[in-house]
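In: Here is a sequence with its predicted model. Questions after.
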Amino acid sequence: MTQTTAKGPGALRVLAVDDEKPALDELVYLLRALPEVGEIHAAGDATAALRVLRARSVDAVFLDINMPGLDGMELAGILSEFAAPPAVVFVTAHDDRAVAAFDLGALDYLLKPVRQARLTESVRRIAAGRTAPAREDQRSDPHAVIPVELGGVTTLVARDSVAWVEADGDYARLHTDTGSHLVRVPLSELEKRWRDAGFVRVHRSYLVALRQVAGLRTVGSGTVVCLRAGGSAPAVELPVARRQVRELKQRLIPAAHRTRTVR
């Protein structure tokens, strides 16, 4: 099924994919109401979606995850291999696949029932991306952003905005200038993902961004790392495990021009 509304040559061409017809019809209806969207294609499964994509160029694919045969995650993996891959937005009733979705390079993750406001926000991001190319580091690094849930909405937090991370059971809490966010990723996993981006594990409970380190301070027989305050956030001091002090100092050396030792 293809629907076209005359909205100018710059209007988005989109493909909606869902094996449940009522959900697909509702998504098409919501997309049709948006001024940024022109040509809308619809497919009931991944095979039909690939047929559309072989015949047409689209700017974005709104994709259900749980489908018979080739599921949404697998289809997104195929799309990522295209010479000019479309933006992918997952539309699903399940909130437990967001991390995997963003690891695949998804632009957004919408929960059913889809709210018009969230769909509008997602479409505007797609339209903006056509005129403002993504930064090179975000195109090449799938971990440059991390999905978080806030008020039932999944949004993206830039890794560069994170000052430090705290273990919270099997999860991790990201601390930024504007607040904290709980993510369903263990601290040990973030340590592996973000090590090459300038994060270091200073304690079994803490991971810090080297760019935020103001210095080290001796407290009694131990050491604390002092982090710069940002925005309205207060300065933070975190304990450094004895076995981590040497590595932390070594990794701070290349950044010595922006790091000082607090005595």
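Out: The structure has been received and is ready for your questions.

In: Please put the alpha-carbon coordinates of the strand or helix carrying V123 into CSV.
Out: Assigned by DSSP states H and E, V123 belongs to helix 116-131. Output of helix 116-131 as CSV, limited to C-alpha atoms (Å, rounded to 0.1, in the frame of the first residue of the first chain):
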residue,chain,number,x,y,z
GLN,A,116,1.2,11.7,18.1
ALA,A,117,3.5,14.0,20.1
ARG,A,118,6.3,11.3,20.2
LEU,A,119,5.8,10.4,16.6
THR,A,120,6.0,14.1,15.6
GLU,A,121,9.3,14.4,17.6
SER,A,122,10.7,11.4,15.9
VAL,A,123,9.8,12.6,12.4
ARG,A,124,11.3,16.0,13.0
ARG,A,125,14.6,14.4,14.0
ILE,A,126,14.5,12.4,10.8
ALA,A,127,13.9,15.6,8.8
ALA,A,128,16.6,17.5,10.7
GLY,A,129,19.0,14.6,10.0
ARG,A,130,18.6,15.1,6.2
THR,A,131,19.9,18.6,6.4
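
In: ok, residues contacting that helix?
Out: Identification of contacts with helix 116-131 by C-beta atoms under 8 Å, 6 or more residues apart in numbering yields 12, 30-31, 33-34, 36-37, 59-60, 87, 89, 107-108, 110, 153. Placement of C-beta: from N, CA and C, glycine included.

In: please redo it, this time with the cut-off set to 6 Å
Out: With C-beta atoms under 6 Å, 6 or more residues apart in numbering as the test, helix 116-131 has contacts from 30, 34, 36, 60, 87, 89, 108, 110.

In: Tell me which two in the residues you listed are the farthest apart.
Out: Within the contacts of helix 116-131, L30 and A87 form the most distant pair, 16.8 Å apart (C-beta to C-beta).

In: So these two - more neighbours on which side?
Out: Remark: of L30 and A87, A87 carries more neighbours, 23 against 20, as counted by other C-beta atoms under 10 Å.

In: List the contacts of that one.
Out: A87 neighbours (C-beta under 6 Å, 6+ apart): 60, 107, 126.

In: Could you measure from T223 over to G215?
Out: Distance, T223 to G215, using C-beta to C-beta, to the nearest Å: 11 Å.

In: do G105 as well
Out: Going from G105 to G215 by C-beta to C-beta gives 37 Å.

In: T47 too?
Out: Computed as C-beta to C-beta, the T47 to G215 distance reads 59 Å.
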